[in-house]
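K.L.:
Can you look at this prediction? I've put the sequence above it.
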Amino acid sequence: MPPPSSFVDITTIPFSRVVTKVEFDVANEFWFRFITATDVAFSQVAFTNIEFCNIYASDGTTRLVRFIVRDWFWWKLTAGTYYIKLDMFPVGVVPGDFTYQADTRPLNSTFEEGSVLIPDDSGDNYGGVIVESDGNIPTIATAVPASEIGAALSNGYVLIHDRYGKHGTSNALVLLNPDLTFNQKIIPTTPFTGFPRISHSNTDFYAVNQSTGQLWKVTTAGVCTLVTTIAEIAADGVGPFGVNSDGTIAYFSIPDDGIIRKYIIATDTSSVLYTIPGFAPEDIVANTYDSNPGEIIVLPDGSLVTWWNDFSTSNCALIHLSSAGVLLHTIPFISPETIDHLSYANTTLSTHVKAWIFLEFDASRSKLGNLNLSTGVFDTSATFDNFFSNQNAGKNNNSFGPASSCPMFTLFPAGGGGEPDPTDGGLYYINPTKAQRHDSYYPDVEKKIPNPTIETALLGE
């Protein structure tokens, strides 16, 4: 069929238009046209009344995709002209007027350092979402595979489990560059089955096979080396897993026993670091909303942070332990609030973690921000809707939020350093040509003074 003779142009983004029952019922369908000069992630929704959206190429005949449009659904469109038909199944009239909305996000664009990457965990392998500290979603990263586990180094590299084989092999590891473009696929000589557990030191990634206990080191050059086999993991499996900054100590928990274990990698020795008081057989350490593995975060000072779920009360609690196993802080979260994932708030500070907290049982709304371990209060945070399979699961507030219970990794720029330490006073040189101080692709935007690379002087009157 040729392009429709009648359509409404999608102009200003975000776009919104009321489609009346009279307009729709003329042909039991309604058409829009969208023209984009650049590649974008495009999304649209028509709440309550319309069932399907059909996106056609510029000829108006070639249908590219058809999907339910009652929730936000994001689709990559290359530069060009597209026609969008809304219709019902079975074909028929609509019960009343409805509102159609459309929005876009750039693809593979820049983002602030300290932003969070959240993959979408679905078999369709949609791109990952970047969430900045204020909740802004600046871009969709198309090379990010669907995953439940991964880690990010301070130099910007990301290692992530490719659950559904976006890059050719299911359960392989995928190395991403600091700009989140694809670097290479990594397959250990003994391939992973199920979810590996992925952590990192200051310089390298570590991935442990949950069924064999094999611990692999992966460099940013993609070299994958078997380090050791952890007998306890091989025998009983593993829950959360973390590695310290110099790659000498691993911490992990066996599912359902409430014990945090300390493993010295060089000597292949394991010991009990901490036993959680009140832990019962039905409880679990660091388990997410949809029963996937959480994290043990090993901070720069050697202390570690994780959480446990108390199923008798439906509550959970973050625990902060010293490297000697002394409980430093406990932060309770009372049902329906629950911890979903943890990440690093900064590459040098040990006072905060970045925490993702679900606010409701249905996981439709959540909070993400820097959690102060001493006070149990978020110093900075943003609250937004979640999505799953790129569909909004929340309050329909025109927000493309983070995925429902997929992992999160704090992203730092190439060259490392992370966000400036807010407790570290001093003067900073700020590049006046940059619109913002934190820029993922320019690690030298700011330097502390004095610095031999910067000439300083006092200006006289």
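P.N.:
Nice, thanks for sending it over. The shown structure was predicted, so the numbers you read here are calculated from the model rather than taken from an experiment.

K.L.:
For the stretch 1-150 of the chain, which segments count as helices?
P.N.:
21-25 (DSSP state H, counting those that start in this stretch).

K.L.:
Low-confidence regions, it specifically.
P.N.:
1, 47-50, 69-74 (pLDDT under 70).

K.L.:
for the stretch 201-350 of the chain, same thing?
P.N.:
Judged by pLDDT under 70, no stretch of the stretch 201-350 of the chain qualifies at all.

K.L.:
quick one: the helices in it?
P.N.:
Using DSSP H, counting those that start in this stretch, helices in the stretch 201-350 of the chain cover 231-236.

K.L.:
Tell me where it has strands.
P.N.:
205-208, 214-218, 224-229, 241-243, 249-253, 259-264, 269-275, 284-285, 297-298, 304-310, 315-321, 327-333, 338-344 (DSSP state E, counting those that start in this stretch).

K.L.:
ranking the ones you listed by burial, who's on top?
P.N.:
Greatest average neighbour count among the strands of the stretch 201-350 of the chain goes to strand 241-243 (a mean of 28), per mean count of other C-beta atoms under 10 Å. No exception for glycine: its C-beta is placed from N, CA and C like everyone else's.

K.L.:
Make TSV from the strands of the stretch 201-350 of the chain and add distance to residue 107 to it.
P.N.:
As requested, the strands of the stretch 201-350 of the chain are arranged in TSV below (distance: least, C-beta to C-beta, whole Å):
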stretch	distance to residue 107
strand 205-208	26
strand 214-218	27
strand 224-229	29
strand 241-243	32
strand 249-253	37
strand 259-264	41
strand 269-275	43
strand 284-285	37
strand 297-298	30
strand 304-310	34
strand 315-321	35
strand 327-333	35
strand 338-344	23
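
K.L.:
how far away is residue 163 from residue 148?
P.N.:
6 Å (C-beta to C-beta, to the nearest Å).

K.L.:
do residue 190 as well
P.N.:
For residue 190, the distance to residue 148 (C-beta to C-beta) stands at 20 Å.

K.L.:
Which among the strands of the stretch 201-350 of the chain is found nearest to residue 120?
P.N.:
strand 338-344 (14.1 Å; C-beta to C-beta).

K.L.:
okay, and the common contacts of residue 163 and residue 148?
P.N.:
121, 195 (C-beta atoms under 8 Å, 6 or more residues apart in numbering).

K.L.:
Tally up the residues packed near residue 122, please.
P.N.:
By other C-beta atoms under 10 Å, the residues close to residue 122 number 16.

K.L.:
Just tell me which of the strands of the stretch 201-350 of the chain ends up closest to residue 130.
P.N.:
strand 338-344 (13.3 Å).

K.L.:
Parallel or antiparallel, which strands does the closest one pair with?
P.N.:
If you go by DSSP bridges, strand 338-344 pairs up with strand 352-358 (antiparallel).

K.L.:
So what touches the partner strand?
P.N.:
Contacts of strand 352-358 (C-beta under 8 Å, 6+ apart): 116, 289, 297, 299, 305, 318, 333, 336-346, 365-373, 378-379, 386, 402, 405, 408, 410.

K.L.:
The same query, at a cut-off of 7 Å, please.
P.N.:
Contacts to strand 352-358, defined as C-beta atoms under 7 Å, 6 or more residues apart in numbering, come from residues 116, 289, 297, 305, 333, 337-346, 366-373, 379, 408, 410.

K.L.:
cool, stretch 291-303 as well?
P.N.:
148-149, 195, 197, 239-245, 251-252, 286-288, 304-307, 320-323, 328, 341-344, 348, 350, 353, 405.

K.L.:
tally of neighbours for residue 42?
P.N.:
Neighbours around residue 42, by other C-beta under 10 Å: 21.

K.L.:
Just give the closest residue to it, not the sequence neighbours.
P.N.:
residue 77 (4.8 Å; C-beta to C-beta, 6 or more residues apart in numbering).

K.L.:
What of residue 145?
P.N.:
Closest to residue 145 by C-beta to C-beta, 6+ apart is residue 166, at 3.7 Å.

K.L.:
The one you found contacts residue 124, doesn't it?
P.N.:
No - contact criterion C-beta atoms under 7 Å: residue 166 and residue 124 do not qualify, at 9.5 Å.

K.L.:
More neighbours: which of these two?
P.N.:
More crowded of residue 166 and residue 124, by other C-beta under 10 Å: residue 166, with 25 against 10.

K.L.:
And the more buried one, how far from residue 39?
P.N.:
In terms of C-beta to C-beta, residue 166 sits 18 Å off from residue 39.

K.L.:
and if you look at residue 191?
P.N.:
34 Å.

K.L.:
same question, residue 274
P.N.:
Following C-beta to C-beta, the distance that separates residue 274 from residue 39 is 49 Å.

K.L.:
Same question for residue 64.
P.N.:
With C-beta to C-beta as the criterion, residue 64 and residue 39 are 14 Å apart.

K.L.:
if we can go back for a sec, out of the strands of the stretch 201-350 of the chain, which comes closest to residue 171?
P.N.:
Going by C-beta to C-beta, the one of the strands of the stretch 201-350 of the chain nearest residue 171 is strand 205-208, 11.1 Å.

K.L.:
now for that closest one, which elements pack on it?
P.N.:
When contacts are defined as 3 or more C-beta pairs under 7 Å, 6 or more residues apart in numbering; DSSP states H and E, strand 205-208 sits against strand 197-200, strand 214-218.

K.L.:
quick revisit: what is the neighbour count of the residue nearest to residue 42?
P.N.:
20.

K.L.:
what's the answer for the one 4 residues further on, then?
P.N.:
By the other C-beta under 10 Å criterion, the neighbourhood of residue 81 contains 15 residues.

K.L.:
Name the nearest residue to it, ignoring sequence neighbours.
P.N.:
residue 58 is the one closest to residue 81 (C-beta to C-beta, 6+ apart), at 4.1 Å.

K.L.:
what sits against that neighbour?
P.N.:
Contacts of residue 58 (C-beta under 7 Å, 6+ apart): 80, 81, 82.
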